[in-house]
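Q: sequence and predicted structure, then a few things I'm wondering about:
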Amino acid sequence: MRKLSILGVGLLLSSACSFTPQLAPELNLPKKPLLKKEVVFLTYNAKQNPVKIKSVQLPAHPIYKNNRVWVDPKSLQLTQLQYQLVVKQLSELGLVVADSNDADYILTVQQLSVERTNDIDLQLEAKKKIKPHTAPVIESNQSKQCSNYEIKVSFRLNHKQSADVVWIAQASISSHTFIDKPLIYKFTQQQVVTNEQAVVDFINLHNTEAARKQRFEQKVSVPTYQVAYQTTPLTKVSGLCTNQEVSAVTNDIEAHLIAELMGKLKVR
C-alpha cells in the first residue's frame, strides 16, 4: 500500500508539471536615447548709412577764441539739457556765451526735429552652417522690422554787427545708424521622445500572462523610440527694436548731432 501511495503522488506531480503553462520571458523597456538640446542665436543688422553733415563757414568774419556768442532762444526752443550742451560745446571751442547786448555773434538753432519714419528691415546675418532641423526656423525669420526715426539738426551763426551769415551747418541721422548694435534673438531646440507612452503600453500589453503564453517561443520586436525636435518661440536677447525702445534714445541722438555740428565750427 505504501508503494502505491508514493506512486500515486508521483503521478500527480508529473501530471501537474505537464499542465504548467509555458510563458515567454517578460519584455524590458528599451533604454532611452541621449536627448540633445541646442540654443540658436539669430543676429540682425541694419544697413548703415553715414551721418549726413554739411558745414559751410564764410571767411568774411573770422572767429577767434574769446569771441562772445549769444544763443538766440527765440528761433527754436531748446530744452535745458540741449542748451547746456550747446554752451559746453561753445566753451570747449574757446568761445564765451554772452547775452544779446555783449555778443559778437548770434547762434540760431534753425532745426531740431525728431520724425518717426517707416519701419526699417534688419537683415539676418548669414550662418556658415545650418542644420536641417534649424533650417525652417531660420528661413521663416530672415528679417525683423523695427521702429526708426530721422533726427535733424541745423545751426546758423551770424555776425551781429553786420548781420552777415558766418556759418551754416546741418546734420541728419537715422536712429539705427546711431544705435549701430545688432538685434539678437534666440530659440531653443530640444529633442523629445514622441512615442514613449506607446512603447510603455506595448510592453505592458505583451507582459500579461495571456500575452506571454501566446508569444511563447515567438520573436517580438519592441517599438523603437521616435525622437523629434521641439522648438521654443524666438525671444529677444539684446538690441533696440520696439518704438518705445528706439524713441528712448532720440535725446541722445540729438545731443550727438549737436556735438558733431559744433565740432565743425572753426575758431582761430
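A: Done, it's in.
Q: what's the nearest residue to residue 182 if we skip its chain neighbours?
A: residue 43 (4.8 Å; Cβ to Cβ, 6 or more residues apart in numbering). For the C-beta atoms, the positions are set from N, CA and C on the backbone; glycine is no exception.
Q: that neighbour belongs to a strand?
A: Yes - counting by DSSP: H, G, I helix; E, B strand; the rest coil, one finds residue 43 located in a strand.
Q: which residues touch it?
A: Contacts here follow Cβ atoms under 8 Å, 6 or more residues apart in numbering; on that basis residue 43 touches 124-125, 182-184.
Q: now do 6 Å
A: Counting by Cβ atoms under 6 Å, 6 or more residues apart in numbering, residue 43 touches 125, 182, 184.
Q: just residue 185 next, same as before
A: By Cβ under 6 Å, 6+ apart, the contact set of residue 185 is 42, 234, 236.
Q: which of the residues you listed has the most neighbours?
A: Within the contacts of residue 185, most neighbours by other Cβ atoms under 10 Å means residue 42, with 21 neighbours.
Q: distance of residue 224 from residue 194?
A: 12 Å (Cβ to Cβ, to the nearest Å).
Q: would you map the helices across this structure?
A: 2-18, 80-92, 135-139, 175-179, 196-206, 209-214, 243-247, 250-262 (DSSP state H).
Q: among the ones you listed, which is the most enclosed?
A: With neighbours defined as mean count of other Cβ atoms under 10 Å, the helices of the chain peak in mean count at helix 175-179, which reaches a mean of 21.
Q: thinking again about what came up before, can I get the helices of the chain in JSON lines including distance to residue 111 and mean pLDDT?
A: Formatted as JSON lines, the helices of the chain follow (distance: least, Cβ to Cβ, whole Å; pLDDT from 0 to 100):
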{"stretch": "helix 2-18", "distance to residue 111": "107", "mean pLDDT": "46"}
{"stretch": "helix 80-92", "distance to residue 111": "13", "mean pLDDT": "90"}
{"stretch": "helix 135-139", "distance to residue 111": "42", "mean pLDDT": "95"}
{"stretch": "helix 175-179", "distance to residue 111": "17", "mean pLDDT": "93"}
{"stretch": "helix 196-206", "distance to residue 111": "66", "mean pLDDT": "96"}
{"stretch": "helix 209-214", "distance to residue 111": "86", "mean pLDDT": "94"}
{"stretch": "helix 243-247", "distance to residue 111": "19", "mean pLDDT": "97"}
{"stretch": "helix 250-262", "distance to residue 111": "10", "mean pLDDT": "92"}
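Q: circling back to that earlier point, just the pLDDT at the residue nearest to residue 182, thanks.
A: Looking at residue 43, its pLDDT is 97.
Q: what of the one 4 residues further on?
A: Each residue has a pLDDT score; the one for residue 47 is 87.
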